[in-house]
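Colleague: my questions concern the predicted model and sequence given below.
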Amino acid sequence: MPVSTVIPVLTYPSLSEAVDWLCAAFGFTLRLRIFDHRAQLNAGDGHVVVKDGGTLEPGSRDSVMVRVADARAHCERAEAHGARIAMPPTDFPYGERQYTAIDFAGRSWTFSESIADVDPRDWGGTPGQA
C-alpha cells in the first residue's frame, strides 16, 4: 500500500504520453495502471496520479487526494464545516473507501481510506514496477 498522505491528481491530454514522459524526464516509475484512464506513479517515497483529460467536465481537471484514517468521520467533519460533498464515502473494489468534497473556493478534494489490500489484477488494474 502507498504511504503517501497527499497525492496530487494531474490531468493530461494523453495518459500514455504523460506516463512515458514523466517516467523518462523525472525518473518516476509506474506503480499501476487503472484501466485506460488513470495511472499511479512512484515519485521517490511519494506518488502522483495522472489521468486522461479526454472525458472530463470543465472545472474537474486537477485535484488533490489525501489519505485519512476514517473517511466517513472525515466526511462528516468536512460537511459540518461547509464543504459540499460531491461523492459520499463509497467503497471501491480496489480496496479504498473514498469521498469527494468541494471546498469554499470550488476545488475538488478526494479523501481516501485504505480498507483492503487488493491485487490490482483482481479489479482490472495492471501492476507496474514497485
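Modeller: Nice, I can see it. Numbers count the residues shown, from 1 in each chain.
Colleague: now the helices for the protein?
Modeller: Listed in chain order, the helices of the chain (DSSP state H) span 15-26, 71-80.
Colleague: how much distance is there from the longest one to the middle of the chain?
Modeller: Spelled out, that is helix 15-26. In terms of C-alpha atoms, centre = their mean, to the nearest Å, the centre of helix 15-26 is found 17 Å from the chain centre.
Colleague: swap in stretch 79-98?
Modeller: 12 Å.
Colleague: please, where are all the strands along this protein?
Modeller: Here the chain has its strands, by DSSP state E, at 6-12, 29-34, 38-43, 46-52, 63-67, 84-91, 96-102, 108-114, 126-127.
Colleague: just checking: what are the partner strands of the last one?
Modeller: Read that as strand 126-127. strand 29-34 (antiparallel) (DSSP bridges).
Colleague: including distance to Trp21 and mean neighbour count, could the strands of the chain go into CSV?
Modeller: Backbone N, C-alpha and C define where each C-beta goes, glycine included. Formatted as CSV, the strands of the chain follow (distance: least, C-beta to C-beta, whole Å; neighbours: other C-beta atoms under 10 Å):
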stretch, distance to Trp21, mean neighbour count
strand 6-12, 9, 16
strand 29-34, 12, 18
strand 38-43, 11, 21
strand 46-52, 10, 19
strand 63-67, 21, 17
strand 84-91, 30, 13
strand 96-102, 27, 20
strand 108-114, 24, 19
strand 126-127, 19, 12
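Colleague: same list (the ones you listed) but as a markdown table, adding mean pLDDT.
Modeller: Shown next, in a markdown table, are the strands of the chain (pLDDT from 0 to 100):
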| stretch | mean pLDDT |
| --- | --- |
| strand 6-12 | 85 |
| strand 29-34 | 91 |
| strand 38-43 | 89 |
| strand 46-52 | 88 |
| strand 63-67 | 82 |
| strand 84-91 | 96 |
| strand 96-102 | 92 |
| strand 108-114 | 89 |
| strand 126-127 | 82 |
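Colleague: just tell me which of the helices of the chain ends up closest to Gly95.
Modeller: With respect to Gly95, and counting by C-beta to C-beta, the nearest of those is helix 71-80 at 12.5 Å.
Colleague: what's that closest one packed up against?
Modeller: strand 84-91, strand 96-102, strand 108-114 (3 or more C-beta pairs under 8 Å, 6 or more residues apart in numbering; DSSP states H and E).
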